[in-house]
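Okay, predicted coordinates and the sequence, questions at the end:
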Amino acid sequence: MACPPPAAPLDADRVELVALLDRRRQLLGMRVAEGNRLRPGLPAAVGEGVEAHVAWLDGQVKAIDEGVAVAVHRSPARRERDRLLRSIKGGRAGG
């Protein structure tokens with residue numbers, strides 16, 4: 001039985017994009033966890049800290065989203081795929 005040929009190594013832009021998307025996923029997980037900590041009756045000192053952390057996480061996600069947009073638009077193939085995905089009607093990608 002023949003083994004499949006080895007996969008081509010990822011280019012630097014792809015490595016960056018994958019890392020950004022991994023980090024975004026991590027940040028969103030932390031955002032959900034912190035949001036779940038906000039509940040009625042939480043002491044103000046704790047709630048304010050959690051809210052500040054949620055705001056910080058939201059800012060980090062926004063920065064990652066901007067980095068993803070830059071990484072996508074650096075590649076003609078990724079730009080085209082992004083355009084196609086955004087053109088889908090009724091889905092999250094295109095509205």
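In hand now; what should we look at? Numbers count the residues shown, from 1 in each chain.

Going by C-alpha atoms from here, please, whenever you check contacts or count neighbours.
Will do.

so what's residue 90 up against?
Counting by CA atoms under 8 Å, 6 or more residues apart in numbering, residue 90 touches no other residue.

measure it to residue 81 for me?
Taking CA to CA, to the nearest Å as the measure, residue 90 falls 17 Å from residue 81.

repeat for residue 52
As judged by CA to CA, residue 52 and residue 81 stand 36 Å apart.

cool, residue 48 as well?
From residue 48 over to residue 81 the distance is 41 Å, taken as CA to CA.

got it, and residue 18?
From residue 18 across to residue 81, the span is 16 Å (CA to CA).

Pull out the buried residues from the helix or strand bottoming out on mean pLDDT in the chain.
Within the chain, no helix or strand scores below helix 76-86, which has a mean of 90 by mean pLDDT, DSSP states H and E. If you call a residue buried by 16 or more other CA atoms under 10 Å, then helix 76-86 has these buried ones: residue 79.

can you give me how far that helix is from the chain middle?
Centroid separation for helix 76-86 versus its chain: 17 Å, with CA atoms, centre = their mean, to the nearest Å.

which secondary structure elements does it contact?
If you count contacts as 3 or more CA pairs under 8 Å, 6 or more residues apart in numbering; DSSP states H and E, helix 76-86 packs onto helix 44-73.

got any ranges where the protein has weak pLDDT?
Scanning the chain for pLDDT under 70 picks out 1, 91-95.

Any chance you could spot the residue sitting in the middle of it?
Among the residues of the chain, the one closest to the centroid is residue 24, at 3.2 Å (CA atoms, centre = their mean).
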